[in-house]
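>>> Just to be clear, the model below is a prediction. Sequence and coordinates:
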Amino acid sequence: MSPAVRAVLFDLDGTLLDSAPDLINAANRLRAHHGLGPVTPEAFRPHVSKGGRAMLAAAFGHLDANAREALLPLFLDDYRQHIAVQSRLFEGFAEILDTLQTAGLGLGIITNKVEWLTTPLLAQLGLDRLFGAVLCGDSLPERKPHPAPVLAACARLGVD
């Protein structure tokens, strides 16, 4: 008889990983380049899980949306260059992942972070080989919360 649970899927940023420090640092480097002081982690952290545009709105609220949009490629490129300096698994997750893997469960990640950021992040943290399915925000035409990424991850892991 097979177990009822055969795979576990995780969200990435803010659930599995604390990536906020590297995103805060990228925002602050961009602010410094524009002659502005740093944002505080406490003020910026709530915006991290809302995507690049929301983070730039928090860091550059004095600019209009078009001006912030022009900063997005610079922000993301800087973040990519420093993607895993301080990002870490949240406390206890190394043990959780080990326990799930030892139990023979498939592991997957479903994130709205784009692949060109997700892949190097996982690789630099040594997590890329743990997950049999990684679905990013640009992996499919639909993104979370649409069910398509969950269904695709299950198919890649060989579970219904």
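Nice, I can see it. Numbering: from 1, shown residues only.

>>> use CA for all of it now, contacts and neighbours both
Fine.

>>> can you confirm V134 is in a strand?
Yes: counting by DSSP: H, G, I helix; E, B strand; the rest coil, V134 is located in a strand.

>>> Counting neighbours, what do you get for it?
If you count neighbours by other C-alpha atoms under 10 Å, V134 ends up with 24.

>>> other SSEs contacting the helix of greatest length in the chain?
In the chain, assigned by DSSP state H, the helix with the most residues is helix 65-81. Helix 65-81 sits against helix 20-33, helix 52-59, with contacts defined as 3 or more C-alpha pairs under 8 Å, 6 or more residues apart in numbering; DSSP states H and E.

>>> Buried residues, that helix. List them.
68-69, 71, 75-76, 78-80 (16 or more other C-alpha atoms under 10 Å).

>>> So R143 sits against P149, correct?
Yes: applying C-alpha atoms under 8 Å as the test, R143 and P149 come out as touching, 6.6 Å apart.

>>> From the chain's centroid, how far away is stretch 113-129?
Distance of stretch 113-129 from the chain centroid (C-alpha atoms, centre = their mean, to the nearest Å) equals 9 Å.

>>> how much space is there between S139 and V5?
S139 is 25 Å from V5, where distance means C-alpha to C-alpha, to the nearest Å.

>>> How about I109?
With the distance defined as C-alpha to C-alpha, I109 ends up 16 Å from V5.

>>> Give me the more crowded residue out of those two.
Between I109 and V5, counted using other C-alpha under 10 Å, the more crowded position is I109 (21 against 9).

>>> any chance of the buried residues of helix 65-81 in JSON lines, plus distance to K50?
Shown next, in JSON lines, are the buried residues of helix 65-81 (distance: C-alpha to C-alpha, whole Å):
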{"residue": "R68", "distance to K50": "15"}
{"residue": "E69", "distance to K50": "15"}
{"residue": "L71", "distance to K50": "16"}
{"residue": "F75", "distance to K50": "15"}
{"residue": "L76", "distance to K50": "14"}
{"residue": "D78", "distance to K50": "18"}
{"residue": "Y79", "distance to K50": "15"}
{"residue": "R80", "distance to K50": "17"}
